[in-house]
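[1] Predicted structure and sequence below. I'll ask about it afterward.
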Amino acid sequence: MRVPASISPYVYAFAPPYKGMVGVISGMTWARAAIFWGSDYGKSVLQQTNQVDDFWATILPPLVVSTMVQCVNQPIVRASITLQNPDSGLPNTWASIKHIYTNHGLGGLWHGTSAGILKTVPKYCTAVLVKDFMEDRLPQIDDISSPTYDRDRLCRSAAKSATAGLAGAVLTNPLDVIRNEMFKTNESLPKTIRRLINETGSGFATRGMAKNMIAVAIPVGCTIFFTDVLIQFTTTRNNNNNNNTATTSNINNNTTQRRRQDP
């Protein structure tokens, strides 16, 4: 079966071999969990202090947490990108880490951290800011008695998540290009930027944007969406449990009162 050229990059991206899959999934999972949980928790703490306005309470937590996460994850990021090079001949993430350490030393594992921070931190700050903006601007779904209540809440979450994911992917695409070029050439950040501008002008800023919107927007959007879904499910279940407990308590109280009234 012949794959159309327009979609072949996306089809082959999902084809085996899946080298480094465990490292990538593990690194991305804990990183996104830390960033979004830390952002919500940090925002609530800052709002309680009344020392900063809502904008800074929203921006500062993802700024700090995503910077920390990027520094911790950088060796895995560098190793996974090196592993994706067909000419590397490396079998797995651990072999890629050892290869980088052997050829470039300990500092080589953190090469590109500056570009990684410039790419990751604005992406998540943008996603969190847009998510909270959409949360405040979209109509609230308050009518529990509505037959479409659950569906409306899911649609609201989907709109919020998709917008946040796309904004984070599009606005940080140039930094993603710079980071990947730094990994390929081992050049510094300023030298990489100068070379890209000399070679392609400002066109590098949109290079690979379609792929980036899939690779970045979908995971970030899905993370936000499924988090909302789990919160809604947990809230609904807790409310049902509380209602059942209250109903059982009322029945027991009524039964006790009737027994007391019986002669």
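    It's in. All values derive from a computational prediction rather than experimental measurement.

[2] so who does the spatially most central residue of the chain touch?
    The centre of the chain sits closest to Val220, judged by Cα atoms, centre = their mean, with a distance of 3.6 Å. By Cβ atoms under 8 Å, 6 or more residues apart in numbering, the contact list for Val220 reads 32, 123-124, 127, 164-165, 168-169. (Glycine included, C-beta is placed from N, CA and C.)

[3] same deal with Met134?
    Residues near Met134 by Cβ under 8 Å, 6+ apart: 159-160, 163-164.

[4] got a pLDDT number for it?
    With respect to pLDDT, Met134 scores 89.

[5] Just the buried residues of whatever helix or strand it lives in, please?
    For Met134, the host element (DSSP states H and E) is helix 113-137. Neighbour counts over helix 113-137 (16 or more other Cβ atoms under 10 Å) mark 113-132, 134 as buried.

[6] Could you do stretch 81-91 as well?
    Within stretch 81-91, the residues scored as buried using 16+ other Cβ under 10 Å are 81-84, 90.

[7] For that stretch, measure first residue to last.
    From its first residue to its last, stretch 81-91 covers 13 Å (Cα to Cα, to the nearest Å).

[8] Tell me how far it lies from the chain's centre.
    Centroid separation between stretch 81-91 and its chain, computed with Cα atoms, centre = their mean, to the nearest Å, is 25 Å.

[9] Then stretch 127-147?
    The answer for stretch 127-147 is 19 Å, by Cα atoms, centre = their mean.

[10] same deal with stretch 28-41?
    Taking mean C-alpha positions (Cα atoms, centre = their mean), stretch 28-41 and its chain are 8 Å apart.

[11] on that earlier part again, now the residue nearest to the centre of the chain: phi and psi?
    phi -70, psi -50 (degrees, to the nearest 10).

[12] now it, nearest residue through space, not along the chain?
    Distance criterion Cβ to Cβ, 6 or more residues apart in numbering; nearest residue to Val220, sequence neighbours excluded, is Gly165 at 4.2 Å.
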